[in-house]
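Trainee: need a structure here:
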Amino acid sequence: MDAEVFRAWITSAARVIEANRDHLTQLDAAIGDADHGINLDRGFAAVVGALRALDPAAAAPTTPGRILLLTGNTIIAKVGGAAGPLYGMAFRRAGKSLADAADVDLPALSAALDAALAGVQQLGAAVEGDKTMVDALAAATRAFSKAIAEGASTDDALSALAAAASAAAIATIPMQARKGRASYLGPRSVGHEDPGAASTALILGALRDAAQAGQ
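Mentor: Residues are numbered from 1 along each chain as shown. Model prediction:
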């Protein structure tokens with residue numbers, strides 16, 4: 001997977017976040033600040049603008065890692081609340097993991113996603129079961145690593161990644177939040193899907209779609 005696949009991933013993620021902006025905001029209205037979809041949409045729109053502004057004649061070539069670093073830096077600058085620092089950290093850590101590689105294979109992508117998860121957990125101090133984006137990201141990275149170890153094709157491994165994230169997001173509905181603003185609600189947080197887990201599933205689904213389209 002080269003830089004164009006990663007550019008397509010982020011562009012696709014921006015589209016799917018825009019399409020689900022109101023849904024994500026409604027999820028956040030139930031247990032948070034009612035701004036998750038709005039904030040992420042603004043951030044990813046800014047990322048798309050930053051990607052368009054990349055100079056194709058620049059001395060340093062655009063690589064997958066550079067695209068993810070740009071994504072993370074832009075999200076940190078443009079997205080408020082908890083989502084900005086957490087998603088910014090995730091993309092920055094993933095980008096740093098890929099370094100200057102021009103082409104990324106499945107093991108390298110798996111390592112980058114593991115780095116993203118570690119960054120989110122370091123910053124947010126959340127673990128699985130806390131009803132956060134970690135639930136979706138951890139389940140996805142685990143399923144992805146397992147699929148790769150079992151010799152799955154790129155399509156199948158990425159499908160496992162996206163499916164695990166979606167299932168884990170839905171699985172946050174019966175959980176009681178133990179981190180973030182939702183934790184202030186105590187038992188009243190039960191019965192609502194975590195917006196961060198939901199947006200994580202959307203973004204990883206966009207990765208699957210972009211990689212499959214780029215083959």
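
Trainee: Okay, now the unreliable bits of this structure?
Mentor: For the chain, the stretches with pLDDT under 70 are 55-61, 214-215.

Trainee: quick one, helices of it?
Mentor: Per DSSP state H, the chain carries helices over the ranges 3-19, 21-31, 36-52, 64-78, 83-98, 106-124, 133-149, 154-170, 195-213.

Trainee: how close does residue 95 get to residue 77?
Mentor: 15 Å (C-beta to C-beta, to the nearest Å). No exception for glycine: its C-beta is placed from N, CA and C like everyone else's.

Trainee: Test my guess that residue 39 contacts residue 82.
Mentor: No. With contact defined as C-beta atoms under 8 Å, residue 39 does not reach residue 82; the gap is 9.4 Å.

Trainee: so residue 18 sits right up against residue 44, yeah?
Mentor: Yes. Residue 18 is within contact range of residue 44, at 7.3 Å (criterion: C-beta under 8 Å).

Trainee: Specify which residue of these two has the higher count of neighbours.
Mentor: A count of neighbours by other C-beta atoms under 10 Å puts residue 44 above the other of residue 18 and residue 44, at 28 against 16.

Trainee: Now that one: closest residue in space, sequence neighbours ignored.
Mentor: residue 14 (3.8 Å; C-beta to C-beta, 6 or more residues apart in numbering).

Trainee: That neighbour - how many residues pack around it?
Mentor: Neighbours of residue 14 using other C-beta under 10 Å come to 23.

Trainee: can you count the residues close to residue 81?
Mentor: When counting by other C-beta under 10 Å, one arrives at 17 neighbours for residue 81.

Trainee: what about it, distance to residue 88?
Mentor: 12 Å.

Trainee: Same question for residue 6.
Mentor: 16 Å.

Trainee: Of these two, which one has the most company?
Mentor: More crowded of residue 6 and residue 88, by other C-beta under 10 Å: residue 6, with 28 against 22.

Trainee: what residues are up against the more buried one?
Mentor: Neighbour list for residue 6: 64, 67, 68, 104, 210 [criterion: C-beta atoms under 8 Å, 6 or more residues apart in numbering].

Trainee: Now do the closest residue to residue 167 other than its chain neighbours against residue 146, distance only.
Mentor: The shortest distance from residue 167 to any non-neighbouring residue, by C-beta to C-beta, 6+ apart, is to residue 139 (7.0 Å). Noted for residue 139: a distance of 11 Å to residue 146, by C-beta to C-beta.

Trainee: Looking at those two, which one has more neighbours?
Mentor: residue 139 (23 against 14).

Trainee: how close does the more buried one sit to residue 67?
Mentor: When residue 139 is compared with residue 67 (using C-beta to C-beta), they lie 25 Å apart.

Trainee: same question, residue 78
Mentor: Residue 78 sits 16 Å away from residue 67, going by C-beta to C-beta.

Trainee: Which one's more surrounded, the two?
Mentor: Shown here are residue 78 and residue 67; by other C-beta under 10 Å, residue 67 has more neighbours (25 against 19).

Trainee: The more buried one and residue 13 touch, don't they?
Mentor: No. With contact defined as C-beta under 8 Å, residue 67 does not reach residue 13; the gap is 11.6 Å.
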